[in-house]
Each structure stands twice: as structure tokens, then as C-alpha cells.
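Visitor: What shape does this take:
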Amino acid sequence: MTEPLLPPEVRRAFDAFPVPLRKRLLQVRDLIFATAAAHDEVGRLSETLKWGEPAYLTEASGSGSTIRLGRVKDSAHAAILFNCKTTLIDTFRERFPDRFEYRQTRALLLPVAGKLRKQELIVCLSLALTYHLDRRGRK
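Guide: Residues are numbered from 1 along each chain as shown. Just a heads-up that it's a prediction; the model follows:
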């Protein structure tokens, strides 16, 4: 599976990040598309900007919660940002208490250097991309 070409406005947003941060966020972008492709129910992702940062939406299926890539204040880490009104960060903390650094109910932080924890991240991204499916199933 190859990731789609970056829309020009999203490319500009990635280009605005410092190189180490950009490289890490582009790795996460690749994982987002690969994870979405592994779930038939997710469908095609929309790649756009939210608050000036790259964002990934499941508009076609409505299966998941928006995933945004960027940074948070007072941190040199790459940030994967989630809707703070979801239970996603709490779920990630329960499953991976020592694998990632978290900020409140909004962000999972990743160091910009070193090995990316792909397996754990795939689980987190899968939970975000199918968040609404899981919640519908529980009602």
C-alpha cells in the first residue's frame, strides 16, 4: 500500500516543521494510512488541515475520530493529537502506561529520534480510526 500524495497545503504544513520533527510525523502519517488500509470498515481517509496541522478524518465511513499531527507547547516531541472529548488517551494510557508520554486527554507524544514503537502505535491508531464503530457496538 502506498500512501497518497500529499495535498499541497498539507505538504506546506509538514515543510514548516523542523526536519527531525517532520521526519517523525511523516513516519506516523505512513502508519495512519497503512492502519486505515488494514480496516475495511474505515474506508478512504481525508487528509486536510485542522488548526494549520495535518489531520486525518474518516469522513467517508464516519468510523473514527480525527487524528492530527503536530507538536504541543513546551515539548520537542512529535505529537499525535486526538479529540479531547474522546476516551482515546485514557485507553492508550491503560494499554501502554510506560510506552508513551501523554498530555492531558489530547496528545500522545513521540521522541523525534530513535526507534518508533510501531506495534503499539498501530493499536492506538486503530482505536482512533474505529472509535465510533466501537462506541456504536457498545450501545
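Visitor: Report the mean per-residue pLDDT for stretch 44-55.
Guide: The average pLDDT within stretch 44-55 is 96.
Visitor: what do you get for stretch 125-138?
Guide: On average, stretch 125-138 scores 81.
Visitor: Next: stretch 102-120.
Guide: Averaged over stretch 102-120, pLDDT sits at 95.
Visitor: what's the following helix or strand after whichever strand or helix holds residue 22?
Guide: Following DSSP states H and E, one finds residue 22 within helix 19-37. Remark: after helix 19-37, the chain's next helix or strand is strand 46-50, criterion DSSP H and E.
Visitor: check contacts around residue 44.
Guide: residue 60 (C-beta atoms under 8 Å, 6 or more residues apart in numbering). (C-beta placed from N, C-alpha, C; glycine too.)
Visitor: if we can go back for a sec, please name every helix or strand in contact with the helix holding residue 22.
Guide: helix 8-15, strand 53-57, strand 67-70, strand 78-82, helix 118-129 (3 or more C-beta pairs under 8 Å, 6 or more residues apart in numbering; DSSP states H and E).
Visitor: And those: which comes nearest residue 98?
Guide: Closest of those to residue 98 is helix 118-129, at 10.4 Å (criterion: C-beta to C-beta).
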